[in-house]
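*Asks:* coordinates only, sequence not included:
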């Protein structure tokens with residue numbers, strides 16, 4: 001009986017450069033057996049060299065992994081950067097919203113275009129006739145009542161402060177005597193982008209990195225009055241709204257104002273200029 005005829009066909013799949021492995025029959029590790037003629041008992045075996053194919057597949061997988069890692073890292077970095085920018089934006093926004101505020105004594109509105117007026121009013125304080133609180137207040141024109149007692153008693157009260165240039169008279173200036181007994185106005189101003197606001201006495205200009213809000217003169221109470229007083233920076237070009245004829249004028253008094261306080265006095269020897277400056 002004749003032995004079955006077996007055909008061996010060696011196929012080399014070359015990709016790039018050749019690299020076939022030597023193998024024999026079923027012992028070839030890269031051999032792929034395929035039935036050819038079952039009825040004839042014949043078998044076709046193809047031996048494929050997949051070395052180069054594996055190299056290309058490995059390179060492709062590595063490239064895909066690298067691109068995937070880079071994609072993930074880009075997204076991660078983008079999220080981190082966005083989170084950082086959001087924190088910085090929040091900090092800047094909080095700083096901008098905070099700002100600073102100051103009182104512009106002598107004016108009914110804020111003169112600096114970079115400010116917002118909180119409210120306007122008049123300068124108030126204690127009576128000049130005796131002891132009391134020395135500080136000046138910018139009293140709103142529309143005060144709101146809490147507990148109200150209409151009786152006149154010994155409780156602290158607030159009165160309007162008046163101009164009175166006792167020893168000096170310079171026409172068409174802050175020191176013009178025609179403005180005697182005028183009520184001093186005031187405005188509370190908010191600087192949205194500044195971090196600090198100060199009053200610098202004895203200066204006509206601000207120091208480096210500081211911006212001027214307004215320019216004026218130091219004023220305080222008459223030194224022979226019993227009441228203490230503080231220095232305030234009155235605008236060099238004040239608004240003159242209401243004049244009262246004398247200290248005892250009662251038309252100025254309202255439910256909120258019980259009396260009239262001392263006028264600020266500036267002596268010729270103490271005409272110190274000053275500025276209100278903000279730091280940005």
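*Replies:* Okay, I see it. The structure displayed is predicted, hence computed values, not measured ones.
*Asks:* and the host helix or strand of residue 217, what does it pack onto?
*Replies:* In this structure, residue 217 sits in strand 210-221 according to DSSP states H and E. The elements that strand 210-221 packs onto, with contact taken as 3 or more C-beta pairs under 8 Å, 6 or more residues apart in numbering; DSSP states H and E, are strand 100-105, strand 196-201, strand 232-235, strand 264-265, strand 273-279. In this view, the C-beta of every residue, glycine as well, is placed from N, C-alpha and C.
*Asks:* what mean pLDDT does that strand have?
*Replies:* For strand 210-221, the per-residue pLDDT values average out at 87.
*Asks:* just stretch 136-155 next, same as before
*Replies:* Per-residue scores along stretch 136-155 average to 77.
*Asks:* kindly reformat the helices and strands packed on strand 210-221 as a markdown table containing distance to residue 142 and mean neighbour count.
*Replies:* As requested, the helices and strands packed on strand 210-221 are arranged in a markdown table below (distance: least, C-beta to C-beta, whole Å; neighbours: other C-beta atoms under 10 Å):
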| stretch | distance to residue 142 | mean neighbour count |
| --- | --- | --- |
| strand 100-105 | 17 | 22 |
| strand 196-201 | 25 | 16 |
| strand 232-235 | 22 | 24 |
| strand 264-265 | 25 | 24 |
| strand 273-279 | 25 | 21 |
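*Asks:* out of the ones you listed, which gets the lowest mean score?
*Replies:* Ranked by mean pLDDT, the helices and strands packed on strand 210-221 bottom out at strand 264-265, which scores a mean of 36.
*Asks:* neighbouring strands - and their directions - for the strand holding residue 217?
*Replies:* Using DSSP bridges, the strands paired with strand 210-221 are strand 232-235 (antiparallel), strand 264-265 (antiparallel), strand 273-279 (antiparallel).
*Asks:* tell me the buried residues in that strand?
*Replies:* Neighbour counts over strand 210-221 (16 or more other C-beta atoms under 10 Å) mark 210-211, 213-221 as buried.
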